[in-house]
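Student: Build me a structure from this.
(one chain, ligands or ions: 2)
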Amino acid sequence: MTALLQVENLEILFKKEQQYVSTVSGVHFHVDSGEMVGIVGESGCGKSVTSLSIMGLLPKDFSKVSQNTKIHFNGKSLTEITEKEYRKIRGNDMSMIFQDPMSSLNPVLTIGYQMNEMILAHTKLSKKEARKKAINMLEKVRIPRAEKIIDEYPHQLSGGMRQRVMIAMALSCNPKLLIADEPTTALDVTIQAQILNLIKGLQKEFNTAVMLITHDLGVVAEVCDRVVVMYAGKVVEEASVDEIFNAPKHPYTIGLLNSMPSLTDEKDRLEAIPGAVPLPEEMPKGCRFAPRCSEVMDACLESAPEKRMLSSSHYCSCWLYEEEEVG
Ligand SMILES: Nc1ncnc2c1ncn2[C@@H]1O[C@H](COP(=O)(O)OP(=O)(O)O)[C@@H](O)[C@H]1O
Ligand SMILES: [Mg+2]
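Tutor: Ligands and ions are numbered 1, 2, ... in the order given. As a prediction, this is how the structure comes out:
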């Protein structure tokens, strides 16, 4: 089976003083139809720019993807299509929600107006049918009194309600892929759990594939099927949620797990990974995690480790596993 989304050799460059500097580099991963994949890593690891590159929304005047990058989605090569074709795909076949719904909602237009615009642009429904569809979607995301809320303005809603509206809009055209970039980070914990469960429920109901971007492994544990761990613009480990939590391999993944608050764990002090994510212009020569790694060896400082298959569903890029038999 071919994947719904296949990202191969993704490299993203940003212009800095007339020169392009590589940030994300050599990134491979895929998302199958209907599955929920978590993309995890600390802030600055390249999660957002990766998702923007898939959406074709990187700022064109000062960034680009390299020539070797391949992004296949739903049978199309996204690096080869025109902007017009891309616009057709966005909102139709793939849509995206962000951490801050206010940045995507227009404050001077009602929720209904904005939803109608979206639905009318992507379907053949009449205005009246579009409004009905919008109300129906608001009900799907469990907004109470949807018929009243539809005529309200974004600022009249709470953060959690605004995020529900964004999810309703993103799903109103029944996309094959939803990219959710830190959709619950700005919300408090109880609302966070409600929104995650909502996304999970809708993913199942509509069989939408979801790429859930988060810095929080706890979020992933809740709802994802598979996890892609990114560090400093590279994928360091990829596995099922079960394998990531029960048999993590990469020292970075292990570090993330150890710095995760846990309800069952007796540890009262969390162990943060020392140091910080390097800036694009200061990437170490070998493994990008080497300067922060507790297991660092000579090989790690020399060259970057290749992606290694540890099982049919578990991949890791780390010199610790370079010599292991493929199982
Ligand atoms: N607008 C931009 N201009 C220049 N560099 C950027 C821009 N946006 C992101 N980057 C670079 O890409 C890297 C990854 O950023 P980002 O994708 O936002 O990380 P994450 O979402 O994982 O926190 C950053 O280290 C930053 O240097
Ligand atoms: Mg981000």
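
Student: all helices for the stretch 101-250 of the chain, in order.
Tutor: With helices called from DSSP state H, counting those that start in this stretch, the stretch 101-250 of the chain shows them at 111-122, 127-140, 146-149, 159-171, 189-206, 217-223, 241-246.

Student: Tell me the buried residues in the shortest one?
Tutor: To tie it back to what came earlier, the one meant is helix 146-149. Residues of helix 146-149 classed as buried: 146, 149 (neighbour count, 16 or more other CB atoms under 10 Å). To be clear about C-beta, it is placed using only N, CA and C from the backbone, and glycine gets the same treatment.

Student: Excluding chain neighbours, what is closest to Ser48?
Tutor: Once flanking residues are discounted, Ser48 sits nearest to Asp181: 5.6 Å by CB to CB, 6 or more residues apart in numbering.

Student: List the beta-bridge partners for that neighbour.
Tutor: Ile213 (DSSP bridges).

Student: can you check Gln6 too?
Tutor: Going by DSSP bridges, Gln6 forms beta bridges with His30, His72.

Student: and what of the one 10 residues further on?
Tutor: The bridge-partner assignment for Lys16, based on DSSP bridges, gives Gln19.

Student: do Leu177 as well
Tutor: Met94, Ala209.

Student: ok so, going back, what's the spacing between the residue nearest to Ser48 and Arg145?
Tutor: Distance of Asp181 to Arg145, given as CB to CB, to the nearest Å: 29 Å.

Student: Residue numbers of the stretch 151-300 of the chain in contact with ligand 1?
Tutor: 279-280 (CB under 6 Å from any ligand atom).

Student: now the residue of the stretch 151-300 of the chain found nearest ligand 1, nearest residue through space, not along the chain?
Tutor: Closest residue of the stretch 151-300 of the chain to ligand 1, CB to the nearest ligand atom: Pro280 (4.8 Å). Excluding the flanking residues, the one nearest Pro280 by CB to CB, 6+ apart is Thr23, at 4.3 Å.

Student: what residues go with each domain of the chain?
Tutor: 5-93+175-271, 105-174 (automatic domain parsing).

Student: Which of those sits closest to Met297?
Tutor: Met297 lies closest to domain 5-93+175-271 among the domains of the chain, at 11.0 Å (CB to CB).

Student: quick one on the thing from earlier: surely the residue nearest to Pro280 and Gly233 touch.
Tutor: Yes. Taking contacts as CB atoms under 8 Å, Thr23 lies within contact range of Gly233: 4.9 Å.

Student: what about those two, which has more around it?
Tutor: Neighbours per residue (other CB atoms under 10 Å) separate Thr23 from Gly233, with Gly233 holding more: 26 against 21.

Student: what sits against Ser51?
Tutor: Shown in contact with Ser51 (CB atoms under 8 Å, 6 or more residues apart in numbering): 39, 96, 179, 181, 211, 213.

Student: now do Gly160
Tutor: 187, 191, 194-195.

Student: What about Leu196, how many residues nearby?
Tutor: The burial count for Leu196: 22, using other CB under 10 Å.

Student: how near is it to Lys176?
Tutor: 21 Å.

Student: again with Val7
Tutor: Here Val7 is placed at a distance of 15 Å from Lys176 (CB to CB).

Student: between the two, which one's more packed in?
Tutor: More crowded of Val7 and Lys176, by other CB under 10 Å: Val7, with 24 against 20.

Student: The helix or strand containing Lys88 packs against which elements?
Tutor: Element membership of Lys88 [criterion: DSSP states H and E] is helix 83-89. The helices and strands touching helix 83-89, judged by 3 or more CB pairs under 8 Å, 6 or more residues apart in numbering; DSSP states H and E, number zero.

Student: In that helix, which residues are buried?
Tutor: Ile89.

Student: Need the residues that contact that helix.
Tutor: By CB under 8 Å, 6+ apart, the list of residues contacting helix 83-89 reads 56, 73-74, 76, 78, 81.

Student: any idea how far Ala146 lies from ligand 1?
Tutor: Ala146 sits 32 Å away from ligand 1, going by CB to the nearest ligand atom, to the nearest Å.

Student: Next one: the residue nearest to that residue when sequence neighbours are not counted from ligand 1, what distance?
Tutor: Leaving aside its sequence neighbours, Ala146 sits nearest to Leu138 (CB to CB, 6+ apart; 3.7 Å). Separation of Leu138 from ligand 1 (CB to the nearest ligand atom) stands at 29 Å.

Student: so what's Leu138 up against?
Tutor: Here Leu138 is in contact with 111, 115, 146, 149-150, 164-165, 168 (criterion: CB under 8 Å, 6+ apart).

Student: before we move on, back to that, now the helix holding Lys88, how far from the chain's geometric center?
Tutor: The chain centre lies 21 Å from the centre of helix 83-89; the measure is CA atoms, centre = their mean, to the nearest Å.

Student: Mind checking the pLDDT average for it?
Tutor: Mean pLDDT, helix 83-89: 94.

Student: Most remote residue from the middle of the protein, which is it?
Tutor: Outermost residue of the chain with respect to the C-alpha centroid, by CA atoms, centre = their mean, is Lys128; its distance is 34.0 Å.
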